[in-house]
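*Asks:* with the input below, show me the fold.
(2 chains)
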Amino acid sequence: MAEKKSLLNEITKGFVKENPTLVMLLGMCPTLAVTTQAKNGIGMGLATTFVLLGSNIVISALRKIIPDKVRIPAFIVIIASFVTFVGFILEGFVPDLYDSLGIYLTLITVNCIIFGRAEMFASKNGVMSSACDAIGMGLGFTLALFLMGSVREIIGAGQWMGMNIPVLHENPMLLFIMPAGGFFTLGVIIAAVNKIADKKPPQELGCHGCPNASACAQAGKGGCE
Amino acid sequence: MKELFVILLSAMLTDNFVLAKFMGICPFLGVSKKLDSAAGMGIAVTFVMICATAVTYPIHHGILVPNGLEYFDTVVFILVIALFVQLVETMLKKCIPALYSSLGVYLPLITTNCAVLGVTVLNIDSSFSFLQSIVNAVGAGLGFMIALVIFSGVRKKMEYADIPETFRGVPATLIAASIVSVSFMGFSGLFS
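*Replies:* Numbers count the residues shown, from 1 in each chain, chains lettered A, B, ... in the order given. Sure thing, here's the model as predicted:
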């Protein structure tokens, strides 16, 4: 029973408490780039979840075989293979989504969430809990992307999931689907989440998600400079 | 010649990697607190982008395409870039320690930077020639540096601002980034 509860905990912690995007500030590039529509947000989130699930399972299964010194290249190869795989699936079955995600699909490879979870969780825990961790983190990421996408689509285009919204559709604030709106929306959402969770907003991007932390001389000092 | 100039300027300004394409947000937010580290990071990224392009372009067109292995792009590119950055770092440390102490510290941060992978993949996707690819990499790197340097100035001013508690820290930084991004929108339509 206790074990079941902890597995469930691994899943749910990614939703709010350790939400990878809004609380831990990982994977900012796709969060900002593809969220012009709620639909793209979900697509990107699910693609990332799949890659995360696959790489977490494989890495945790191989964690005792991969020598510590070459673990970063090994992780990179595993992750990049899954990304290539997902790219093929999306191109074949949902070409629309494939086109709208474009280069950011390839860039899942260097998404800090995937690397961060591999380094922080999968390389230290068993297959089962790594899989749960991946599902939780992936869904948390999807949730954050969906939220971002919804806000930007509703305000910026007056639509939601392709449906027109009465008043807003006539006077959309185009700025919100432009790059500038992405930064703004994310800033406000992070502030709101931290207000609701009654926490102080993060002051810095920490090193915890940085895949290069082990090689970086600055990592011990808790910041990039 | 004119075409190369357009590629350079559009990679630098209209399609700025950080502010319009959202690549390399982590270093943009992480290393933009001080002017000198922002400039150092910018130079290091430009250098790595140019070298990565010079290395990956021949690999794609010389090895992967003739063998019908284009779908290995992602795997091969990221490994080559990671290896290359390690190599440069080791060489700088041994041969030019002075340069290493000013630029080398940023190199490990770049290994898996999405801007670097992004520029190499974009060069292939937009079917640029070798020269065009290099010019695009130079533009992307300079654009990254401009964004970082400008933003470090903005952040310096923000230190003295009285920001509401909920927004202090990262939220305020993001909103400032959004305003800088608006200013870069002024360049759009420069080439049409």
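*Asks:* export stretch A:166-181 to PDB, keeping only CA atoms.
*Replies:* Coordinates of each C-alpha in stretch A:166-181 appear next as PDB, following Å, rounded to 0.1, in the frame of the first residue of the first chain:
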ATOM      1  CA  PRO A 166     -17.800  36.200 -29.300                       C
ATOM      2  CA  VAL A 167     -16.500  39.700 -28.300                       C
ATOM      3  CA  LEU A 168     -12.800  38.900 -28.400                       C
ATOM      4  CA  HIS A 169     -12.800  37.500 -31.900                       C
ATOM      5  CA  GLU A 170     -13.600  40.900 -33.400                       C
ATOM      6  CA  ASN A 171     -10.900  42.700 -31.500                       C
ATOM      7  CA  PRO A 172      -8.000  40.300 -30.800                       C
ATOM      8  CA  MET A 173      -4.900  41.700 -29.100                       C
ATOM      9  CA  LEU A 174      -2.400  40.400 -31.700                       C
ATOM     10  CA  LEU A 175       0.500  41.200 -29.400                       C
ATOM     11  CA  PHE A 176      -0.300  38.100 -27.400                       C
ATOM     12  CA  ILE A 177       0.400  35.600 -30.100                       C
ATOM     13  CA  MET A 178       3.600  37.400 -31.000                       C
ATOM     14  CA  PRO A 179       6.900  36.600 -29.200                       C
ATOM     15  CA  ALA A 180       6.600  39.500 -26.800                       C
ATOM     16  CA  GLY A 181       3.200  38.200 -25.600                       C
END
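*Asks:* is it positioned near chain B?
*Replies:* Yes: contact of stretch A:166-181 with chain B is found when judged by Cβ under 8 Å from any Cβ of the partner chain, involving A:175, A:178-181. Using the backbone N, CA and C atoms, a C-beta is placed for each residue, glycine as well.
*Asks:* okay, buried residues for that stretch please.
*Replies:* Judged by neighbour count (16 or more other Cβ atoms under 10 Å in any protein chain shown), stretch A:166-181 contains these buried residues: A:168, A:172, A:175-181.
*Asks:* now, which of those residues sits nearest chain B?
*Replies:* Proximity to chain B was ranked across these by Cβ to the nearest Cβ; first place goes to residue A:180, at 4.0 Å.
*Asks:* list the helices and strands the helix or strand containing the closest one packs on?
*Replies:* Counting by DSSP states H and E, the element that carries residue A:180 is helix A:179-196. Judged by 3 or more Cβ pairs under 8 Å, 6 or more residues apart in numbering or on different chains; DSSP states H and E, the packing partners of helix A:179-196 are helix A:28-33, helix A:127-157, helix B:170-185.
*Asks:* give me the mean pLDDT for it.
*Replies:* Taken as a whole, helix A:179-196 carries a mean pLDDT of 86.
*Asks:* and it, how far from the chain's centre?
*Replies:* Put simply, helix A:179-196 sits 16 Å off its chain's centre (Cα atoms, centre = their mean, to the nearest Å).
*Asks:* so who does the residue sitting nearest the centre point of chain A touch?
*Replies:* Chain A has residue A:141 as the residue nearest its centroid, 4.2 Å off, counting by Cα atoms, centre = their mean. Taking Cβ atoms under 8 Å, 6 or more residues apart in numbering or on different chains, we find residue A:141 in contact with A:14, A:19-21, A:27, A:45, A:48-49, A:113.
*Asks:* now with 7 Å, please.
*Replies:* The contact partners of residue A:141, taken as Cβ atoms under 7 Å, 6 or more residues apart in numbering or on different chains, are A:20-21, A:27, A:45, A:48-49, A:113.
*Asks:* what about the helix ranked longest in chain B, average pLDDT?
*Replies:* What stands out as the longest helix in chain B, according to DSSP state H, is helix B:130-158. Confidence over helix B:130-158, taken as the mean pLDDT, stands at 90.
*Asks:* that one near chain A anywhere?
*Replies:* No: contact between helix B:130-158 and chain A, assessed by Cβ under 7 Å from any Cβ of the partner chain, is absent, since the two come no nearer than 10.4 Å.
*Asks:* what is that helix packed up against?
*Replies:* In this structure, helix B:130-158 packs against helix B:2-9, helix B:25-30, helix B:35-58, helix B:114-125, helix B:170-185, with contacts taken as 3 or more Cβ pairs under 7 Å, 6 or more residues apart in numbering or on different chains; DSSP states H and E.
*Asks:* could I get the CA-only coordinates of stretch B:9-29 as PDB?
*Replies:* Included here for stretch B:9-29 are C-alpha records, laid out as PDB according to Å, rounded to 0.1, in the frame of the first residue of the first chain:
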ATOM      1  CA  LEU B   9      20.700  40.900 -40.800                       C
ATOM      2  CA  SER B  10      17.500  38.900 -40.600                       C
ATOM      3  CA  ALA B  11      19.200  36.300 -38.400                       C
ATOM      4  CA  MET B  12      20.500  39.100 -36.200                       C
ATOM      5  CA  LEU B  13      17.400  41.400 -36.000                       C
ATOM      6  CA  THR B  14      14.100  40.300 -37.500                       C
ATOM      7  CA  ASP B  15      14.400  36.700 -36.600                       C
ATOM      8  CA  ASN B  16      16.500  37.200 -33.500                       C
ATOM      9  CA  PHE B  17      17.100  33.800 -32.000                       C
ATOM     10  CA  VAL B  18      16.300  34.700 -28.500                       C
ATOM     11  CA  LEU B  19      13.500  37.300 -28.800                       C
ATOM     12  CA  ALA B  20      11.700  36.100 -31.800                       C
ATOM     13  CA  LYS B  21      12.500  32.400 -32.000                       C
ATOM     14  CA  PHE B  22      12.800  31.600 -28.300                       C
ATOM     15  CA  MET B  23      16.000  29.600 -28.500                       C
ATOM     16  CA  GLY B  24      18.500  29.800 -25.800                       C
ATOM     17  CA  ILE B  25      16.200  31.300 -23.200                       C
ATOM     18  CA  CYS B  26      18.000  29.600 -20.300                       C
ATOM     19  CA  PRO B  27      21.300  31.400 -20.900                       C
ATOM     20  CA  PHE B  28      19.400  34.500 -21.800                       C
ATOM     21  CA  LEU B  29      17.800  34.600 -18.400                       C
END
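*Asks:* mean confidence (pLDDT) on it, please.
*Replies:* Summarised as a single mean, pLDDT over stretch B:9-29 is 83.
*Asks:* buried deepest among the helices and strands packed on helix A:179-196, which one?
*Replies:* Neighbour counts averaged per stretch over these are highest for helix A:28-33, at a mean of 26; criterion: mean count of other Cβ atoms under 10 Å in any protein chain shown.
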